[in-house]
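Asks: the following comprises the amino acid sequence and a computationally predicted model.
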Amino acid sequence: MDYEFHWSIVWRHMPEMLQGAFVTLHVSVLSMLIGILIATPLAIAKLNHNKFFSPIATVWVEIARNTPGLFQIYMAYFGLGALGIHLSPYVAVLCALAFVNTGYLTETFRGGFQSIPKTQYSAAKSLGMSRFQSYRHIILPQMFRRIYHPMTNQFIWAILMSSLGILVGMNELSGETQRLQSLSFRTLEFFIVAAVMYFIITKLVLLSTALIARKLFKGEI
């Protein structure tokens, strides 16, 4: 093999790649926050068999968990575009990731709720708490403690799946890497560095979430 590596051009463009990594983290974090906010009430609706929201939650979960993430991104960008709703690549990827995160987190949260003994609900009611108060002060803290690791895994999935934004022109890490290598024709060098950056990002996220868990839950999980 007579391939000659030229790393200097990668180092010159490292600021652009770091900016792409920031976009990757930004869209992933935001999609997780949106997913958590929507998945929590949907999980409660499924758990309580709410006549209106439970079917919505079921359809959402089935679509999100049984179709590819690429399909969600294409539908958000090209599908809605065909209907006259034009989203930027960033917003399209954000909507797609949030949609899928919500579907997976809804089932994760529902399992977390079901793992909590029914006596906890009864105890909250006996203390005169409303349903909202019982969930806020007793049920939700226990539920999030039990599903913390699966939720972390979902966050890692969101980070890695954001790379599909390259297909709709989003300048996240993969998109920026593709743009830079197309200008320099140093494909191997740029994508090797991008892979290392993804690895570092995910490891830093795992380390950070472990430290947060140790502080919030005092080593209980």
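Replies: All right, it came through fine. Quantities reported herein were computed from a predicted structural model and do not represent experimental measurements.
Asks: from here on, contacts and neighbour counts on C-alpha atoms
Replies: Noted.
Asks: now the most centrally placed residue in the chain, what's its secondary structure?
Replies: Closest residue to the average C-alpha location of the chain: Ala158 at 3.5 Å, with C-alpha atoms, centre = their mean. Under the three-state scheme (DSSP: H, G, I helix; E, B strand; the rest coil), Ala158 adopts helix.
Asks: so what's it up against?
Replies: 28, 31-32, 97, 101 (C-alpha atoms under 8 Å, 6 or more residues apart in numbering).
Asks: sec struct for Glu4, please.
Replies: With three-state DSSP as the basis, Glu4 sits in coil.
Asks: mind listing what's buried along stretch 162-172?
Replies: 162-166, 168, 170-172 (16 or more other C-alpha atoms under 10 Å).
Asks: got any ranges where this structure has weak pLDDT?
Replies: Residue ranges of the chain with pLDDT under 70: 1, 219-221.
Asks: surely Ala76 touches Ala98?
Replies: No: counting by C-alpha atoms under 8 Å, Ala76 stays clear of Ala98, with 11.2 Å between them.
Asks: just list what the longest helix seen in the chain packs against, helices and strands only.
Replies: Using DSSP state H, we find that the single longest helix of the chain is helix 14-47. In terms of contacts (3 or more C-alpha pairs under 8 Å, 6 or more residues apart in numbering; DSSP states H and E), helix 14-47 is packed against helix 53-66, helix 89-114, helix 148-161, helix 173-184.
Asks: quote the end-to-end distance of stretch 133-142.
Replies: Start and end residues of stretch 133-142 are separated by 14 Å (C-alpha to C-alpha, to the nearest Å).
Asks: how far does that stretch sit from the chain's center?
Replies: 23 Å (C-alpha atoms, centre = their mean, to the nearest Å).
Asks: buried residues in it?
Replies: 134-135, 139-140, 142.
Asks: over to stretch 193-202?
Replies: 193-194, 197-198, 201-202.
Asks: state the pair within these that is farthest apart.
Replies: Spatial extent of the buried residues of stretch 193-202 (C-alpha to C-alpha) is set by the pair Val193 and Thr202 at 14.3 Å.
Asks: thinking again about what came up before, with respect to Leu42, which of the contacts of Ala158 is nearest?
Replies: Set against Leu42, the nearest of the contacts of Ala158 by C-alpha to C-alpha is Asn101 (12.4 Å).
Asks: how about that closest one: what's its closest non-neighbour residue?
Replies: Computed as C-alpha to C-alpha, 6 or more residues apart in numbering, the closest residue to Asn101 that is not its neighbour in sequence is Gly35, at 5.2 Å.
Asks: distance check, that neighbour against Leu80.
Replies: Counting by C-alpha to C-alpha, the gap from Gly35 to Leu80 is 20 Å.
Asks: packing partners for the one helix or strand Leu211 maps to?
Replies: Here Leu211 sits within helix 187-217, counting by DSSP states H and E. Helices and strands touching helix 187-217, by 3+ C-alpha pairs under 8 Å, 6+ apart, are helix 148-161, helix 173-184.
Asks: noted, bye for now.
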